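In: Model the following, please.
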Amino acid sequence: MSPSFIIVRELHGRLPLYHMDLYRLDDIEEIGELGLDEYLYGNGACVIEWAEKGYTVLPSEHLLIQISYLSPTRRSFRFIPAGQRYCDIPIPIKTVL
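Out: Next comes the predicted model:
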């Protein structure tokens with residue numbers, strides 16, 4: 001991993017937003033050593049790219065959003081809730097934009 005690669009970007013607004021990018025991490029041990037718990041279990045919202053690299057460190061309650069490319073101008077969004085908190089939210093099964 002490059003020492004200049006940013007894993008977490010903090011964006012401040014009404015609610016703190018933490019954008020995490022796990023793309024350049026090679027194994028789960030690297031993810032566990034980053035101390036992401038303060039973000040994942042804090043008072044903000046976390047958005048994680050390449051989350052499949054760190055499934056084991058995600059909170060048990062989370063909302064997974066899978067984005068698929070259909071064409072250069074169209075995307076498909078699939079929302080997969082995990083845990084009661086997210087299962088209670090009325091979320092469309094699949095949306096195409």
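In: Quickly list what the most centrally placed residue in the chain is bridged to.
Out: Residue closest to the average C-alpha location in the chain (C-alpha atoms, centre = their mean): Ile48, at 2.4 Å. Beta-bridge pairing for Ile48 (DSSP bridges): Met20.
In: ok, the residue nearest to Cys87 when sequence neighbours are not counted to Ile67 distance?
Out: Once flanking residues are discounted, Cys87 sits nearest to Pro81: 4.8 Å by C-beta to C-beta, 6 or more residues apart in numbering. To be clear about C-beta, it is placed using only N, CA and C from the backbone, and glycine gets the same treatment. Separation of Pro81 from Ile67 (C-beta to C-beta, to the nearest Å) stands at 16 Å.
In: of those two, who's got more company?
Out: Remark: of Pro81 and Ile67, Pro81 carries more neighbours, 15 against 10, as counted by other C-beta atoms under 10 Å.
In: For the more buried one, name its beta-bridge partners.
Out: Beta bridges link Pro81 to Leu63, judged by DSSP bridges.
In: for it, what are its contacts?
Out: 63-64, 87, 89, 91 (C-beta atoms under 8 Å, 6 or more residues apart in numbering).
In: can you pull out the helices in this protein?
Out: Under the criterion DSSP state H, the chain contains helices at 28-32, 37-40, 84-87.
In: could those helices be laid out in TSV, adding mean neighbour count and mean pLDDT?
Out: Converted to TSV, these look like this (neighbours: other C-beta atoms under 10 Å; pLDDT from 0 to 100):
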stretch	mean neighbour count	mean pLDDT
helix 28-32	14	70
helix 37-40	14	85
helix 84-87	12	88
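In: Glu10 is nearest to which of these?
Out: Nearest to Glu10 among the helices of the chain is helix 37-40; the distance by C-beta to C-beta comes to 8.4 Å.
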